[in-house]
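Asker: Curious how this folds, go ahead:
(one chain, ligands or ions: 1)
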Amino acid sequence: MFKIVHQDGKARVGRLQTAHGTVETPFFMPVASKASVKAMSGSDIEDLGYQSLISNSFILSLSPGIDVVENIGGIHKFMHFNNTIFTDSGGFQVLSKDFLLKKSDKGVYFKDKSGKKSLYTPELVVENQLRLASDVAMTLDDVAHFGLGGKDYVDAIKRTHAWAKRSKQAHDELKESYNSKQLLFGICQGGIREEYRRFSTHKINEMDFDGVALGGLVVGESRKELLESIKIAVDSFDQEKIKYLMGLGSPSDIVQAVGEGVDCFDSIYPTANARHGSILTKTGRYMIKKIAYKHDKGPLEEGCTCSTCTHYSKSYLHHLLRTHELLGYKLATIHNLHFMNQLLNNIRTAIKEGRYEIFKNEFLEAYFSGKEAKEFSSQIQRKYQEKEEQQQAKYLLTHQNSSSKK
Ligand SMILES: [Zn+2]
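Answerer: A predicted model of the protein is given here:
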């Protein structure tokens with residue numbers, strides 16, 4: 001369960017207790033949709049100091065199948081990660097054009113392994129996550145897509161609420177039979193429209209979930225709209241609840257969202273950036289593949305204590321990533337994830353010492369000061385995410401189609 005231990009303005013430090021330990025908030029989770037943070041083992045993630053990561057129950061249900069993970073003894077054992085594991089419901093993925101056939105109040109019809117249609121219901125989603133034995137499960141939500149207007153938008157929000165209620169009921173009923181201490185978080189929708197966001201926040205809040213999540217953001221809205229929506233949602237939720245902003249991962253966005261009272265984040269941002277050769281530093285990000293770094297003997301970031309910066313030069317990383325050597329992906333990922341973990345450590349220390357506002361302003365000033373400190377816009381980040389999901393979906397469908405023909 002969740003307890004706030006320090007408060008500094010709206011920013012706070014808290015403790016989330018799960019079946020696999022305590023996670024100090026605010027925290028950031030690397031994404032392991034297929035039970036793997038790309039290029040990294042579970043132990044690698046623990047060694048970097050991460051208390052938690054997030055996987056995706058929908059993606060896992062496609063491959064290897066929930067039964068495979070369950071038979072091995074749950075997701076912790078399967079991927080050898082002993083700290084807290086969140087699982088997302090996969091609402092965002094199942095409703096994408098790659099999978100969605102039709103949605104109704106009952107659930108979502110999607111193309112399954114063999115290309116035949118399967119039904120994904122709020123109850124099934126909850127049971128899948130209990131079978132995976134994750135520590136924190138998420139409800140199935142009907143993501144009200146950015147730009148979707150009028151009746152469709154309101155219908156998606158209302159359906160999210162109905163599904164949240166069914167999820168909670170199913171979780172309450174099933175938890176005991178799985179002998180589980182799993183927590184369940186509800187997700188609010190409402191896009192960037194103030195009245196919708198308030199309405200959805202209010203509805204999810206009154207269902208009394210273990211935690212609450214802000215869904216349907218970081219999907220193409222401007223930074224100003226994003227920050228406004230965060231403020232509205234965070235202010236309308238009960239303050240003692242842990243608040244999770246799904247899909248937000250750029251350092252500058254996180255620093256600002258913590259200032260509004262958000263406790264928990266996840267994103268492919270640091271890992272996807274690493275694999276593209278985009279290196280995070282205190283003065284913004286830069287592209288290591290640029291020719292300027294070919295002979296650079298220095299580390300990725302001066303003063304960084306990660307194992308990559310301790311042992312290797314920019315010149316080596318430049319070479320590895322330009323020649324698509326697998327080690328390059330791992331070494332760059334280690335640095336970017338170390339950077340994020342350090343950032344969150346610094347955030348928590350600043351809150352405990354009552355100087356968060358100063359920390360925030362200093363961080364943002366430095367972050368945007370670098371020569372190449374051109375922050376990814378939300379749109380570009382989104383594009384990366386979509387590209388990755390498309391590749392993932394394509395892989396799964398091709399792979400499954402070919403194996404079913406055998
Ligand atoms: Zn480093």
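
Asker: list the contacts for L119?
Answerer: Contact criterion Cβ atoms under 8 Å, 6 or more residues apart in numbering gives 106-109 as the residues in contact with L119. C-beta here means a position set from N, CA and C on the backbone, and glycine is covered the same way.

Asker: what secondary structure does it sit in?
Answerer: On the three-state scheme (DSSP: H, G, I helix; E, B strand; the rest coil), L119 is labelled strand.

Asker: per-residue confidence at it?
Answerer: Taken from the predicted model, the pLDDT recorded for L119 is 92.

Asker: for Q169, same thing?
Answerer: In this model, Q169 is scored at 98, pLDDT.

Asker: That one: neighbour count?
Answerer: Burial of Q169 is recorded as 14 neighbouring residues (other Cβ atoms under 10 Å).

Asker: did I read that right, it in a strand?
Answerer: No - assessed with three-state DSSP, Q169 is helix; it does not lie in a strand.

Asker: List phi and psi for the most centrally placed residue in the chain.
Answerer: When Cα atoms, centre = their mean is applied to the chain, the residue found nearest the centroid is D266 (2.5 Å). Backbone geometry at D266, expressed as degrees, to the nearest 10, gives phi -150, psi 150.

Asker: Could you verify my assumption that it touches F86?
Answerer: Yes - under the criterion of Cβ atoms under 8 Å, D266 is in contact with F86, at a separation of 7.2 Å.

Asker: Would you state the predicted confidence (pLDDT) at G14?
Answerer: As predicted, G14 sits at a pLDDT of 98.

Asker: And for D98?
Answerer: In this prediction, D98 carries a pLDDT score of 82.

Asker: does it count as helix, strand or coil?
Answerer: coil.

Asker: Backbone dihedrals for it, please?
Answerer: Note on D98: its backbone torsions stand at phi -70, psi -30 [degrees, to the nearest 10].

Asker: That one: how many residues sit nearby?
Answerer: Residues within reach of D98, counting by other Cβ under 10 Å, total 17.

Asker: What distance do you get for it to F58?
Answerer: From D98 across to F58, the span is 11 Å (Cβ to Cβ, to the nearest Å).

Asker: Equivalent analysis for I85, please.
Answerer: Using Cβ to Cβ, I85 is found at 15 Å from F58.

Asker: right, and V262 touches S229 too?
Answerer: No - the pair formed by V262 and S229 falls short of the contact definition of Cβ under 8 Å, at 11.4 Å.

Asker: shared neighbours of the two, anything?
Answerer: Between them, V262 and S229 share the contacting residues L214, judged by Cβ under 8 Å, 6+ apart.

Asker: And stretch 140-154, end to end?
Answerer: With Cα to Cα, to the nearest Å as the measure, the ends of stretch 140-154 fall 17 Å from one another.

Asker: what pLDDT, on average, does that stretch get?
Answerer: Throughout stretch 140-154, pLDDT has a mean value of 74.

Asker: what does stretch 250-269 give?
Answerer: Mean pLDDT, taken over the full extent of stretch 250-269, equals 96.

Asker: Show me how far that stretch is from its chain's centre.
Answerer: Counting by Cα atoms, centre = their mean, to the nearest Å, stretch 250-269 is centred 10 Å from the centre of its parent chain.

Asker: ok, now stretch 98-112?
Answerer: Using Cα atoms, centre = their mean, we find the averaged C-alpha position of stretch 98-112 to lie 23 Å away from the chain's own average C-alpha position.

Asker: shouldn't N346 be in contact with E362?
Answerer: No - applying Cβ under 8 Å as the test, N346 and E362 come out as separate, 10.3 Å apart.

Asker: what about I85 and F58, which has more around it?
Answerer: Regarding I85 and F58, a neighbour count based on other Cβ under 10 Å identifies I85 as having more, with 27 against 23.

Asker: following whichever strand or helix holds the more buried one, which helix or strand shows up next?
Answerer: I85 is located in strand 84-88, with elements delineated by DSSP states H and E. If you walk from strand 84-88 toward the C-terminus, the next helix or strand you reach (DSSP H and E) is helix 91-94.

Asker: T22: how many residues sit nearby?
Answerer: Other residues near T22 come to 13 when the count uses other Cβ under 10 Å.

Asker: meant to ask about G298
Answerer: Counted with other Cβ under 10 Å, residues neighbouring G298 total 11.
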